[in-house]
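In: what shape does this take:
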Amino acid sequence: MKTAPIKILLVEDSLSDAFLLGELLKKVTEFDFNMIHSTDLSAGFNELVSNDFDAIILDLELPDSFGISTYEKMREKAENTPIIIASGNDDRELMALALNHGADNYLIKDAFDGNRIAIAVLSSIRNRNQNRKIS
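Out: You can find the predicted model right below:
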């Protein structure tokens with residue numbers, strides 16, 4: 001039995017990476033994902049105003065924002081929404097920095113597969129919801 005679609009905001013400037021991520025999620029048969037794609041941070045902010053999302057997948061290198069400050073700006077706008085960093089950068093220091101700043105998960109684009117993305121999204125939603133109940 002499938003549940004309601006999981007609504008994801010993808011903030012990613014690479015159209016090919018966005019397409020690949022969408023295609024990989026389509027292969028996950030246990031869950032339905034509804035993804036809205038923005039190519040820069042300000043467009044992502046606009047989507048947050050008009051939509052509720054279960055999770056955000058965020059690239060840190062966008063035309064209008066770069067690095068960990070991209071995450072920090074998104075976290076200010078989406079305080080309670082899980083944010084999964086998707087980076088082409090396999091820099092372990094950046095990964096640790098993002099997770100220490102509160103990112104809910106970190107995916108390396110070269111290691112994408114549908115199940116890995118789905119698990120990152122679903123576990124981030126579960127963990128954030130559990131933390132809300134505890135607080």
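In: switch to C-alpha atoms for all contacts and neighbour counts from now on
Out: Noted.
In: what about the residue nearest to the spatial centre of the chain, which SS state?
Out: Nearest to the geometric centre of the chain sits Ile57, at 1.4 Å (Cα atoms, centre = their mean). What DSSP: H, G, I helix; E, B strand; the rest coil gives for Ile57 is strand.
In: wait, isn't it in contact with Ala78?
Out: No: counting by Cα atoms under 8 Å, Ile57 stays clear of Ala78, with 11.9 Å between them.
In: per-residue confidence at Thr70?
Out: Looking at Thr70, its pLDDT reads 97.
In: repeat for Arg132
Out: pLDDT recorded at Arg132 is 62.
In: wait, is Ala98 part of a helix?
Out: Yes: under three-state DSSP, Ala98 falls within a helix.
In: give the contact list for it.
Out: Ala98 makes contacts with Ile68, Tyr71, Ile85, Tyr106, as judged by Cα atoms under 8 Å, 6 or more residues apart in numbering.
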